[in-house]
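Q: Please work out how this folds:
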Amino acid sequence: MTIQRGSGRPTEGSTTRRARLFAANPHGKPPVHTAVRNAKLAAIPVAFAGRQAAGVGKRAMGRSAGEVDREIQMRTAQHIFEVLGELKGCATKLGQLLAIYELALPRELAEPYKIALSQLQDSAPAMLPRSVHAAMAASMGENWRWHFREFDDRRAAAASLGQVHRAVWRDGTPVAVKVMYPGGRQAVANDLDQLRRMSTLATVFVPGADVKGVTEAICACVLDELDYAAEADHQRAFAAAYADDPDFYIPRVVEQRGDVLITEWLDGTPLPRIVAAGTRAERDRVGMQLVRFMASSWIRSGLLYGDPHPGNFRVLPDGRLGIVDFGACTPWPAEGFEEWAFDYCDALFNGGPTDLEAAARRHGFCEPSRTLDAEDLFNMMVPCIEPFQHPTYRFTTRWLRKQVLRVTNPRLSNALRQATMPAHYTPFARSMLTLVGAIGQLETEGSFRDEVGRWHPTLHELVTRPAEEGAAPVDLAVARRKRAEQAARHISVG
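A: Numbering: from 1, shown residues only. Predicted coordinates for the structure are as follows:
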């Protein structure tokens, strides 16, 4: 273990071995030149085609088709893992999403991608000590070591846009030091420019969507994660909202300067380990804790937690769920969100296709001039509310795979081709889809209806009772007042 004392001179002789992927890069920095990054991404399908061509020869030599195909899949998965890990930035964000949404693939095809991409969440190549030291000095000054009693040059964990080091703050507090990769901003800017250029292709599949608006919203979310000062503010808000909570723990922010964020060190079992080897009871309990945190977050903090992928959670020894990485947060609820949620729930649980079409048009999910197959939209949406139609429900990868394949079906009658999504709902969509992916990986069983209803009682009322003829519509003013009172109770208890 390479420990640098606060007053000592850095020693690099015993530093950790350079990651294999950076054999040609002596500084451990991700490539930032657009042409280099694009070439590396473009090499993935080219290499895949080459492996398929080589596979023909291997089959001719007597190897079974199944064995050859699996070898191709494993090599391609490893190639994706290596390229995305080396590029970091937005590419690693893509890898985090793929590690969850490979659930949409058939099991025999998905397994090698699941193995390789899951590694990506914690296994991106590390910066070498000299790069870490330079990044620390750039944000905290040349005397940055004065602030620490100890600083471990070895990376303790990977982040999509940086990496985390273990250290001891000058007052003796064990801390996590998050450092942005040198050149990370430029790399992300290049990736986002490429995303903007490629996003127009999406209109082939969703011609009714505001692709440009949603793309810009996605870009804004990613850029927000580069602002460590904002991330520190978000984490402070969550820490205050969940202080002394029996179910959750938010590490305290110790210091933030430039591209360095220092928080309390959080020991615990990473959630991916629970996904891989947890007992049934552990998976159910942790999955419901995830739902509880996400359902309560904007009630208690006024912020939407935007990135609930498994790598951002730790199960503490006392059973609490520890949460890290607050870069992807946004003030919530957005204007009009509550009305949309109530109208959609009412239409799906108590109404029919006509009611759903009216809600979609009222809230901007279908352009006024565009036709909408309301029957198809209703039939597509109803299976998604299945977990809330039963006292208890078990999420399974089979169910999630079925829903993803169904809504991405490119058939011309697919109502989603006729619909769109207001861009300001993008953070919510990202957050909820990632949450569903996480609890799908855990295959959580519990009362999702009651857990969400605990924090959103008016929605719970719509879900649990059929609409009565002539019943008064939901009073949103009353709902908002109840929500404010609920938040105030938690603040006073904290």
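
Q: and residue 251, which of the three is it?
A: When classified by DSSP: H, G, I helix; E, B strand; the rest coil, residue 251 comes out as coil.

Q: What's the per-residue pLDDT of the residue lying closest to it once chain neighbours are set aside here?
A: Using CB to CB, 6 or more residues apart in numbering and skipping residues adjacent in sequence, the residue nearest residue 251 is residue 264, 3.9 Å away. Where C-beta positions appear, they are placed from N, C-alpha and C, glycine not excepted. Predicted confidence (pLDDT) for residue 264: 98.

Q: do the same with residue 417
A: You'll see residue 417 listed with a pLDDT of 72.

Q: what stretches of the stretch 351-494 of the chain score poorly on pLDDT?
A: Low-confidence regions of the stretch 351-494 of the chain, defined by pLDDT under 70, span residues 404-405, 407-414, 465-494.

Q: Can you show me the helices along it?
A: Along the stretch 351-494 of the chain, the stretches classed as helices by DSSP state H, counting those that start in this stretch are 353-362, 374-381, 397-407, 426-442, 448-455, 457-464, 476-493.

Q: Figure out which of the ones you listed is closest to residue 314.
A: Closest of the helices of the stretch 351-494 of the chain to residue 314 is helix 426-442, at 13.6 Å (criterion: CB to CB).

Q: circling back: the residue nearest to residue 251 reaches residue 254, doesn't it?
A: Yes: the pair residue 264 / residue 254 is scored as a contact, 6.6 Å apart, by CB atoms under 8 Å.

Q: what's the distance between residue 450 and residue 312?
A: Distance of residue 450 to residue 312, computed by CB to CB, to the nearest Å: 25 Å.

Q: With residue 256 instead?
A: Counting by CB to CB, the gap from residue 256 to residue 312 is 18 Å.

Q: quick revisit: export the helices of the stretch 351-494 of the chain to TSV and append columns for distance to residue 282 and mean neighbour count.
A: What follows is the helices of the stretch 351-494 of the chain, written out as TSV (distance: least, CB to CB, whole Å; neighbours: other CB atoms under 10 Å):
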stretch	distance to residue 282	mean neighbour count
helix 353-362	38	18
helix 374-381	32	18
helix 397-407	17	16
helix 426-442	9	22
helix 448-455	17	19
helix 457-464	27	18
helix 476-493	26	12
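
Q: Go through the ones you listed and name the closest to residue 308.
A: Proximity to residue 308 (CB to CB) singles out helix 426-442 among the helices of the stretch 351-494 of the chain, at 4.7 Å.

Q: what about residue 267, distance to residue 174?
A: Distance, residue 267 to residue 174, by CB to CB: 9 Å.

Q: Those two - which one has more neighbours?
A: residue 174 (14 against 9; other CB atoms under 10 Å).

Q: List the contacts of that one.
A: Residue 174 sits next to 166, 167, 168, 264, 265 when contact means CB atoms under 8 Å, 6 or more residues apart in numbering.

Q: got the end-to-end distance for stretch 230-250?
A: The first and final residues of stretch 230-250 sit 16 Å from each other (CA to CA, to the nearest Å).

Q: Roughly how far does the residue lying closest to residue 343 once chain neighbours are set aside sit from residue 286?
A: Leaving aside its sequence neighbours, residue 343 sits nearest to residue 359 (CB to CB, 6+ apart; 3.9 Å). In this view, residue 359 and residue 286 are 34 Å apart by CB to CB.

Q: Same check on residue 224?
A: For residue 224, the distance to residue 286 - CB to CB - is 27 Å.

Q: Can you pick out the residue with more neighbours from the two?
A: Between residue 224 and residue 286, counting by other CB under 10 Å, residue 286 is the more crowded of the two (23 against 17).

Q: shaky segments in the stretch 51-200 of the chain?
A: In the stretch 51-200 of the chain the weaker segments, taking pLDDT under 70 as the threshold, are 51-63, 65-125, 160, 191, 194-195, 197-200.

Q: sorry, back to before: so what's the residue nearest to residue 251 up against?
A: By CB under 8 Å, 6+ apart, the contact set of residue 264 is 173, 174, 175, 176, 251, 252, 254.

Q: And residue 422, by the same measure?
A: Neighbouring residues of residue 422 by CB under 8 Å, 6+ apart: 210, 213, 363, 364, 365.
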